[in-house]
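*Asks:* just coords:
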């Protein structure tokens, strides 16, 4: 944590709203984006981000500078996201096996192929269990190290490694399945004489 | 892991323009509501505490007073020595004599009544 941020945290602990506004300004895009990647719902991500920052202000006294301030903010956001996802999960949303594959990777250009892949990835990520989704997003999208992720989700580093690996494997399997189904879809269309 | 480098290609979003203003307005609203929330929480906790204390009292009274009640009461009365007729329960038992009489009928009908008439004991009489 840099000195400016440390000074701002001390001011927030004293109840300074201006210092808090600066912290919100610095972190708002990162937190909204992180929560969007985890929840897959922009409006929900914005609401959870607001709640995250309010908790940062009211629980600032509980922050101890043994870990980076950003990790602490991400930990609060992760807890809120986890609670939200568990709520959705319990309501019986789609399981990973039920995710429909995207069927629009039919044009040969690499860009279009990438967009289809990205869409598949988005669907697979949204269907991934929160247990794996949070570590995978923190590692592969936010660029945190495994040690930092262990601090954020408060789990041993071995657990973090296992969850990242398992989450990636599930995503990979899902992408391969979607690709295979796309290829068979294209072949069927050629056979039917549509091309 | 080419697939996972693609994770970085997923669309990134940023906060809406009025995000900071909304957070700050929520902050001031919550700061104003904080004393009320604290008072409500304190009331709730004190209510729960009172209920718990009442339950503990009930359990203690049940364990130490009500269970030992009848024993200590009778012990106290015995110590005083003055028992009223109410403290006794009369028990009557019926005895059936007919089998005793029937058994006697099998014995000889002669009855010997042995009575000592003199104070001096006669060694010749053998009972």
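*Replies:* Here it is on my side, so go on. Because the structure is a prediction, the values reported are computed rather than measured.
*Asks:* quick check: residue A:121 touching residue A:175?
*Replies:* Yes. Using C-beta atoms under 8 Å, residue A:121 and residue A:175 qualify as a contacting pair, with a distance of 6.6 Å. Glycine gets a C-beta too; all of them are placed from N, C-alpha and C.
*Asks:* those two - which one has more neighbours?
*Replies:* Ranked by neighbour count (other C-beta atoms under 10 Å in any protein chain shown), residue A:121 and residue A:175 place residue A:121 first, with 22 against 18.
*Asks:* and chain A, which residues reach chain B?
*Replies:* Residues of chain A lying close to chain B (C-beta under 8 Å from any C-beta of the partner chain) are A:17, A:20-21, A:24-25, A:28-29, A:31-33, A:36-37, A:42, A:45-46, A:49-50, A:53-54, A:57-58, A:114, A:117-118, A:121-122, A:125, A:136-137, A:140-141, A:168, A:171-172, A:175.
*Asks:* quick check: PyMOL command selecting the buried ones in those residues.
*Replies:* Per 16 or more other C-beta atoms under 10 Å in any protein chain shown, the buried members of these correspond to this PyMOL selection:
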select buried, chain A and resi 20+21+24+28+31+32+33+36+37+45+46+49+50+53+54+57+117+118+121+122+125+136+137+140+141+168+171+175
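*Asks:* what about residue A:65, which SS state?
*Replies:* coil (DSSP: H, G, I helix; E, B strand; the rest coil).
*Asks:* quick check: phi and psi on it?
*Replies:* Dihedral angles of residue A:65 (phi, psi; degrees, to the nearest 10) stand at phi -70, psi 30.
*Asks:* what's the burial count for it?
*Replies:* Around residue A:65 there are 12 residues (other C-beta under 10 Å).
*Asks:* got a list of contacts for the helix or strand hosting residue A:75?
*Replies:* Using DSSP states H and E, residue A:75 sits within helix A:69-90. Residues from elsewhere that reach helix A:69-90 (C-beta atoms under 8 Å, 6 or more residues apart in numbering or on different chains): A:1, A:5-6, A:9, A:27, A:30-31, A:34-35, A:38-39, A:44, A:48-49, A:51-52, A:55-56, A:59, A:63, A:129-130, A:133-134, A:138, A:142, A:144, A:148, A:151-154.
*Asks:* PyMOL command for the buried members of those?
*Replies:* Here is the PyMOL command that selects the buried residues among the contacts of helix A:69-90 (16+ other C-beta under 10 Å):
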select buried, chain A and resi 5+9+27+30+31+34+35+38+39+44+48+49+51+52+55+56+63+129+130+133+134+138+142+144+148+151+152+153
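*Asks:* hmm, back to that, return the subset of the residues of chain A next to chain B lying in helices.
*Replies:* A:17, A:20-21, A:24-25, A:28-29, A:31-33, A:36-37, A:42, A:45-46, A:49-50, A:53-54, A:57-58, A:114, A:117-118, A:121-122, A:125, A:136-137, A:140, A:168, A:171-172, A:175 (DSSP state H).
*Asks:* give me the pLDDT for residue 35.
*Replies:* Just so you know, I chose chain A. With respect to pLDDT, residue A:35 scores 94.
*Asks:* please go with chain B instead
*Replies:* In this model, residue B:35 carries a pLDDT of 82.
*Asks:* quick one: is the one helix or strand it maps to near chain A?
*Replies:* Residue B:35 is part of helix B:19-61, with elements assigned from DSSP H and E. Yes. Helix B:19-61 reaches chain A (C-beta under 8 Å from any C-beta) through B:19, B:20, B:22, B:23, B:24, B:26, B:27, B:28, B:30.
*Asks:* just checking, what packs against that helix?
*Replies:* helix A:17-39, helix A:42-58 (3 or more C-beta pairs under 8 Å, 6 or more residues apart in numbering or on different chains; DSSP states H and E).
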